[in-house]
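J.: what shape does this take:
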Amino acid sequence: MTDPILASAGERLASPEPTERVAAYQDLAGHGSAEAFQLIGDTIPNEADPDIRIVVAQMCGSGRGADAAAVLLRILRDADARVRLASLKGLIQLDDPGIYPAVVQMLFDSDQAVQACAQEALVALGKERVVKLLDRMVDSGKAWAVEAAVMAAGRITLRALIPVLEKAHRAGSDGVKAKAIQGLKNMASRGEPAAQEALARLAPADEPVAVAQAQAPARPCAPPAADRQGVSGDPRLPTESAPQEACATPRGMLAGAKGAGRAPAPAADLPPRAREPRTDPSGSLAVPPASFQKPPPPVPPAGSVGPEADPDIPSDGAPLAMTPSRVRSRRGDSAPSGKAGAAVPGKAGISTPRASPIPPAAKIECPACQTPILETAPVCDFCGAVLNKAPVAVVHQAPPSALEHPIATWDARFGSYFLDCFIGGFLSLIPFGGLVYSLIRDVLGTGQSLGKRPNSLYVIDATTGAPCTLGQSIMRNLFLMLPLINLVEIILVFTSGIRLGDRVAGTRVVRPRSAGPVSRWNLAVPVLGFVGIFAIGILAAIAVPNFKEARNRANRRACYANQKTLACAIEMYMRDKNKKPEEVPEITPQLFNELRAGRYLQSIPEDPGQGPGTAGNYVRTESGIGVACRVHGSVDGTPASGRLR
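T.: Below is the predicted model of the structure:
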């Protein structure tokens, strides 16, 4: 039986409407079968809208298995840097060890955001795992993997990577040897003795490398034209031995991938609309907001070629993280004279370290990752931890502004408000915990309280689109605590969606269009919660009085039992002492001690329900059993005022 989703996917993917195509991709990704992901991988290279390709990459990143990874690896070859970044994030989100060689290759992508994302993934992987990963890539013997591993090892500059560079130098080609020598020189220029010893061992084999170094590319090798995936014509898969592009990983790296060995469907089998690239970008599903758009790179001046035109573009010998020279270039400072590791102009071959009149600085360990670094280094070369005393600007990813996304509807805000009230009520067990949370809840994240996160609601500044500040959060939530005004606030949420607190604080509550429709449970859960709270209140109103009456009755009966025990103990005490009833003194602590010392009582009784030290409530009476309580009276109803003197 044919699956209806797969049967209708071809026609839906050929639709001219972007929303229909996105819905088709979403259904295929939710289907989760190998055939569905194969269809996504066959049609996504011909999708002309980059925003839709980004959405598909995010969908595949939310999936599981090698089929989703195979689609993301195909999207990773996209010409748009934003699409490559989304695909790389999706691969990292899959948490599959087989995708990390592709992450290593993306360190040399032309876009800095992609490089930063790959760097963060490797930092999160840890130093030991990164070293093992690069070592396995060198042992694989594949040209693209060996070259990417050597270039990455030369930029990370970890001491544990020196054996990896030596191994690649012994078994690699001239280009790989040149890059290995360059990486060792980078480590040696940082004062690493092991790197200097490795250079001394490899010195006899260094002569043919100089020419190859001048001709070596700054990025890993690219496949021949015959192995590339074309937009039209008969597409061909890259072979296992052929080198890959800087943004691609061979399908053989996905061990056990279900769709790794299948060739994509020919262009003649694709839907007509899917084969024709869209030339009108006006039908894009989601135009990225201005706050997320990356400005075009500045045009270098005439005569500037290579990394010198833009200090932020990494060269073959640049370290992985922010180096002191790049930090100074961003701040506008000039580079210090005599910096070690600078290339000698006009000299072909490997750049040699320049002698510096300044003695080398001492080496310390990074407090974050314990990597040996220079004492004067402003940041760690491996984990990027800031070490200098200069203030560093913290850049936050701004939430969507009010002009780009609509005001949140009342149903989405109703469910979020209920969750926040529930959390605030739970925190009320801590002194002032509920009050503090109710005031500062909207500044805990990027404009999202704990209750707003499930519904993708943002509280932002109405002018700048930045997350609301602490003062704005206190101001807008303070109006909900004022009598009568909180009723007006609820009415405004149902009408305009902008409360008085939002108008005074200058904030708006928005919900991105990409969040989709509001779930029905968003209304059902709060309603059921309010009904449950109301039912609990009614039961408490009925049960609390009955509980108090039952507790008083139990305390009274226990007090009567204590009176009988005390009366019997006093009577036995009087007989043993041959005393008359009128000779017995009043019940005092001294009498209790004598009764306890004579083992007439095991312990001094207490008045039930009155707390410890309440034995003084018991007094002697002239009638009845001779003992009564000032609080509960006596067993026979004799008042406690009739005491013996």
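
J.: contacts and neighbour counts: CA atoms only from here.
T.: OK.

J.: how does the protein divide into domains?
T.: For the chain, automatic domain parsing gives the domain ranges 4-224+242-252, 361-392, 410-519, 549-629.

J.: would you turn those domains into a markdown table with mean pLDDT?
T.: What follows is those, written out as a markdown table (pLDDT from 0 to 100):
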| stretch | mean pLDDT |
| --- | --- |
| domain 4-224+242-252 | 74 |
| domain 361-392 | 65 |
| domain 410-519 | 86 |
| domain 549-629 | 83 |
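
J.: looking at the ones you listed, which is nearest to Asp636?
T.: Among these, domain 549-629 comes nearest to Asp636, with 6.2 Å by CA to CA.

J.: buried sites along stretch 444-455?
T.: Within stretch 444-455, the residues scored as buried using 16 or more other CA atoms under 10 Å are 446-452, 455.

J.: now, those that are in strands?
T.: Among these, no member falls in strands (criterion: DSSP state E).

J.: may I have the phi/psi pair for the nearest residue to Arg84 once chain neighbours are set aside?
T.: Counting by CA to CA, 6 or more residues apart in numbering, Leu76 is the residue found nearest to Arg84 once chain neighbours are left out, at 4.9 Å. For Leu76, the backbone dihedrals are phi -70, psi -10 (criterion: degrees, to the nearest 10).

J.: right, and Leu76 touches Leu88 too?
T.: Yes: under the criterion of CA atoms under 8 Å, Leu76 makes contact with Leu88 at 6.8 Å.

J.: ok, back up a step: could I get the domains of the chain as CSV with distance to Gly532?
T.: CSV is the format used below for the domains of the chain (distance: least, CA to CA, whole Å):
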stretch, distance to Gly532
domain 4-224+242-252, 35
domain 361-392, 49
domain 410-519, 12
domain 549-629, 26
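
J.: quick one: closest of these to Val635.
T.: domain 549-629 (5.8 Å).

J.: against Glu120, how distant is the residue nearest to Arg84?
T.: In this view, Leu76 and Glu120 are 17 Å apart by CA to CA, to the nearest Å.

J.: ditto for Glu549
T.: Distance, Glu549 to Glu120, by CA to CA: 65 Å.

J.: compare the two (neighbour count), which wins?
T.: Counted by other CA atoms under 10 Å, Glu549 and Glu120 do not tie: Glu120 has more neighbours, with 15 against 11.

J.: for that one, what is the enclosing helix or strand?
T.: Here Glu120, judged by DSSP states H and E, is contained in helix 112-125.

J.: dump the C-alpha coordinates for whichever helix or strand comes after that helix into CSV.
T.: Proceeding N to C from helix 112-125, the next assigned helix or strand is helix 127-139, under DSSP H and E. Listed next in CSV are the C-alpha coordinates belonging to helix 127-139 (Å, rounded to 0.1, in the frame of the first residue of the first chain):
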residue,chain,number,x,y,z
LYS,A,127,40.9,18.2,23.9
GLU,A,128,41.4,14.5,24.2
ARG,A,129,38.5,13.6,21.8
VAL,A,130,39.7,16.2,19.3
VAL,A,131,43.2,14.7,19.3
LYS,A,132,41.8,11.2,18.8
LEU,A,133,39.5,12.4,16.0
LEU,A,134,42.3,14.0,14.1
ASP,A,135,44.5,11.0,14.6
ARG,A,136,41.8,8.7,13.2
MET,A,137,41.4,11.0,10.2
VAL,A,138,45.2,10.8,9.5
ASP,A,139,45.1,7.0,9.9
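
J.: neighbours around Ile490, how many?
T.: Neighbours around Ile490, by other CA under 10 Å: 17.

J.: and the one 4 residues further on, by the same measure?
T.: Residue neighbour count, defined by other CA under 10 Å, stands at 15 for Phe494.

J.: surely it meets Trp410?
T.: Yes: using CA under 8 Å, Phe494 makes contact with Trp410 at a distance of 5.6 Å.

J.: that's a helix at Glu586, yeah?
T.: No: using DSSP: H, G, I helix; E, B strand; the rest coil, the secondary structure at Glu586 is coil, not a helix.

J.: any idea how far it is from Leu439?
T.: From Glu586 to Leu439 the distance is 60 Å (CA to CA).

J.: with neighbour numbers in mind, choose between these two.
T.: A count of neighbours by other CA under 10 Å puts Leu439 above the other of Glu586 and Leu439, at 21 against 15.

J.: surely the more buried one touches Ser473?
T.: Yes: the criterion here is CA under 8 Å, and Leu439 meets it with Ser473 at 6.3 Å.

J.: and Pro359, what's its pLDDT?
T.: Looking at Pro359, its pLDDT stands at 48.

J.: quick check on Tyr618: phi, psi?
T.: phi -90, psi 130.

J.: ok now do Gly90, which residues does it touch?
T.: By CA atoms under 8 Å, 6 or more residues apart in numbering, the contact list for Gly90 reads 57-58, 60-62, 72.

J.: tell me what angle whichever strand or helix holds it forms with helix 112-125.
T.: Element membership for Gly90 (DSSP H and E) is helix 81-94. Taking axes from the mean of the first three to the mean of the last three CA atoms, to 10 degrees, one finds that helix 81-94 is oriented at 10 degrees with respect to helix 112-125.

J.: got the CA coordinates for the helix or strand that contains Ala102 in PDB?
T.: Taking DSSP H and E as the criterion, Ala102 maps to helix 100-105. Taking Å, rounded to 0.1, in the frame of the first residue of the first chain, the C-alpha atoms of helix 100-105 are listed here in PDB:
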ATOM      1  CA  TYR A 100      32.800  15.200  13.200                       C
ATOM      2  CA  PRO A 101      35.200  14.900  10.200                       C
ATOM      3  CA  ALA A 102      32.700  17.200   8.400                       C
ATOM      4  CA  VAL A 103      32.900  19.600  11.300                       C
ATOM      5  CA  VAL A 104      36.700  19.600  11.100                       C
ATOM      6  CA  GLN A 105      36.400  20.500   7.400                       C
END
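
J.: show me where pLDDT drops low in the stretch 251-400 of the chain?
T.: 251-363, 368-370, 375-379, 381-400 (pLDDT under 70).

J.: longest helix of this structure?
T.: helix 521-576 (DSSP state H).

J.: that helix - contacts with which helices or strands?
T.: Under the contact criterion of 3 or more CA pairs under 8 Å, 6 or more residues apart in numbering; DSSP states H and E, helix 521-576 touches helix 410-427, helix 589-597, strand 627-629.

J.: now for the last one, which elements pack on it?
T.: Under the contact criterion of 3+ CA pairs under 8 Å, 6+ apart, the helices and strands touching strand 627-629 comprise helix 521-576, strand 618-620.

J.: tell me what the shortest one is packed against?
T.: Packing contacts for strand 618-620, counted by 3+ CA pairs under 8 Å, 6+ apart, involve strand 627-629.

J.: give me the buried positions along the strand it packs on.
T.: In strand 627-629, counting by 16+ other CA under 10 Å, buried: 627-629.

J.: ok, stretch 111-123 next?
T.: Result for stretch 111-123 [16+ other CA under 10 Å]: buried residues 111-119, 121-123.
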